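**Q** the following block contains a protein sequence and its predicted model.
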Amino acid sequence: PPHFQAEDGIRDALVGLVGSEMCIRDSRQTAVAPEAYEEYLRGLYLMAIRSRKTLEEASAAFERALAIEPAYAEAMAQLAMTYGLLSERNYGNLNDADSIAFGKQWSARALDLAPHLAESHAAVGHATWRAGEILEAEQQFQRALDINPNYAMVIHWLSMLKRRNLGKHEEAFALTQRARRLDPIAVPIINIYIQMLIGRGKFEQAQGEIMRLESLSPTAHHRMRAQLVSLNGQWAEGTFAYLDALKIDGNQRSAQRSFVRQLFRMDLDQETDAFGSSISMIYLYRVGRGQEAVDTTEAAYRAAPDSVYAQQAFARALALNGELQRARPLLDDLFEKSSGHIALLSPHFFSLRDALILFHARAAAGDENGAEEVLEAMDAEITRVRSAGITVTREARSVDYSEGIRHYLGGEPEVGLPLIERAIRDGYTLDVHIPYLQSLMHDPRVQPIRLLFEEIQTRERRKLLERVCNDNPYRDIWQPAEATCAEIR
């Protein structure tokens, strides 16, 4: 949609779309009052921008549409999906309990009123996906596409589900290409497409997509540029790109979180205090506040026991705090819910980190068969990833590292350690502070790899500080402390 500069611009544009009819009928012949339709269109526009502020405004618009037309199924469906997006860490901070409850409530009402609408099935699919009900979500997304084969956002979500939750990487890539053709200006679709291109080594094509983003979303342009320029251990360059995004919008959650992760990566933990909402569990553990992380995530999990992501966060906090056996039943359950699938290279409620925790928990309890089950699941996903041509190492995603750690844990260090070293040389971040990996970190054979990582870390930290400690162009976003800058004085 066009980028209107003011609320009046949005209103004028939407009024023009709605017209002066006393009653509007959409393409499915559902009669609605023009005022409700105007609010519905306003909500769609705001929802497409994908920021916390606009998503909150979109939910309010859909609610106003429903106040006028209480049986407006399309508005119910979009409201449900907006609630789901507001709980995603890159967009909002709606807690999982409310997100899941509201999402399921409104999507179920939409489906009950209008089972013939693609939006109704899309909303149910999105709500169940957020709750970790993967097969149900897949079926609902597919039903939406049976009704509307050109529903680009559902194609996008189905692609993400297949990639993250089912390991169907080639099918997911084809779906994303299709979504990109259908909606060439949808920023979330372009972002994922760029990530897929980078993972497959299609750098020129990725650069072209990044340049197209500049006019659609300058912040997304810089965030995606960061992912490309930070390859091969060029973390400082990636950090500058994230700061460029924050200069445009200092409250952009995705850029803020990524920037903070870059600070952790370069061992600048002390500089993250100013970004409180983005501080991670690993940070709390590293500064001796591991129990605080446990208490916070446990409270969130108790409030939203149906949330797989709240469950995952609690399990991870326990593991960081050295409580592997408390974490184990939570991760056993998530592993079962994922049907034994491990997402090695993308966000998922059972990813590489969770697999490593579960492996160590099972091994420590003497469950050799259970530990071997985790390694076999890692093998299966490694094979799928490599078969799809996804080989490029990034800061936090590497099939080389995944395969290397799998062989190391399986008793084949002579196979695993060269793969881990290659991943570090290509820019992967070694989790040297993670407690359940300390047996690896203290293995004398790993010490040259650790030294290599520390060399890269020091090099990139100094590159970063040399710019921001001297006539800092990003001072309005971040000014490092004098003690931090002392390293390069």
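**A** That came through, no problem. Numbers count the residues shown, from 1 in each chain.
**Q** mind listing what's buried along stretch 418-431?
**A** 419-431 (16 or more other Cβ atoms under 10 Å). C-beta: built from backbone N, CA, C; applies to glycine.
**Q** mean confidence score for it?
**A** Averaged across stretch 418-431, pLDDT comes to 96.
**Q** let's have the chain start at 26 instead
**A** I'll keep to 26 as the first residue from here, and by that count the last item is stretch 443-456.
**Q** what's the span of it, first residue to last?
**A** Counting by Cα to Cα, to the nearest Å, you get 17 Å between the two ends of stretch 443-456.
**Q** and for stretch 71-83?
**A** 5 Å.
**Q** over to stretch 459-474?
**A** 16 Å.
**Q** tell me how far it is from the chain's mean position?
**A** Once both centres are worked out by Cα atoms, centre = their mean, to the nearest Å, stretch 459-474 turns out to sit 28 Å from its chain's centre.
**Q** next: stretch 379-392.
**A** With Cα atoms, centre = their mean, you get 25 Å for stretch 379-392.
**Q** for that stretch, which positions count as buried?
**A** Buried residues in stretch 379-392, counting neighbours by 16+ other Cβ under 10 Å, are found at Asp379, Ala380, Leu381, Ile382, Leu383, Phe384, His385, Ala386, Arg387, Ala388, Asp392.
**Q** check stretch 237-247 too.
**A** By 16+ other Cβ under 10 Å, the buried positions in stretch 237-247 come out as Leu238, Ser242, Thr244, Ala245, His246, His247.
**Q** cool, stretch 108-127 as well?
**A** Buried residues in stretch 108-127, counted by 16+ other Cβ under 10 Å: 108-113, 115-117, 119-122, 124-127.
**Q** and whatever helix or strand Met236 lives in, what does it pack against?
**A** For Met236, the host element (DSSP states H and E) is helix 228-241. Contacts defined by 3 or more Cβ pairs under 8 Å, 6 or more residues apart in numbering; DSSP states H and E place helix 228-241 against helix 212-224, helix 243-254.
**Q** which strands and helices sit next to the shortest one?
**A** Right, helix 243-254. Partner elements for helix 243-254 (3+ Cβ pairs under 8 Å, 6+ apart): helix 212-224, helix 228-241, helix 260-273, helix 278-290.
**Q** so for the protein, the centremost residue is which one?
**A** Nearest residue to the geometric centre of the chain (Cα atoms, centre = their mean): Pro372, 5.4 Å.
**Q** and it, what does it touch?
**A** Contacts for Pro372 (Cβ atoms under 8 Å, 6 or more residues apart in numbering) come out as Arg189.
**Q** against Glu94, how distant is it?
**A** In this view, Pro372 and Glu94 are 36 Å apart by Cβ to Cβ, to the nearest Å.
**Q** what comes up buried for stretch 151-163?
**A** His151, Ala152, Thr153, Trp154, Arg155, Ala156, Gly157, Glu158, Ile159, Ala162, Glu163.
**Q** what's the closest of those to Asn173?
**A** Within the buried residues of stretch 151-163, distances to Asn173 taken as Cβ to Cβ reach their minimum at His151, with 14.9 Å.
**Q** pretty sure that closest one sits against Gly109.
**A** Yes. With contact defined as Cβ atoms under 8 Å, His151 counts as touching Gly109 (4.9 Å).
**Q** which residues do these two both contact?
**A** Common neighbours of His151 and Gly109, using Cβ under 8 Å, 6+ apart, are Gly128.
**Q** sorry, back to before: next, the angle helix 212-224 makes with the helix holding Met236.
**A** Counting by axes from the mean of the first three to the mean of the last three Cα atoms, to 10 degrees, helix 228-241 lies at 160 degrees to helix 212-224.
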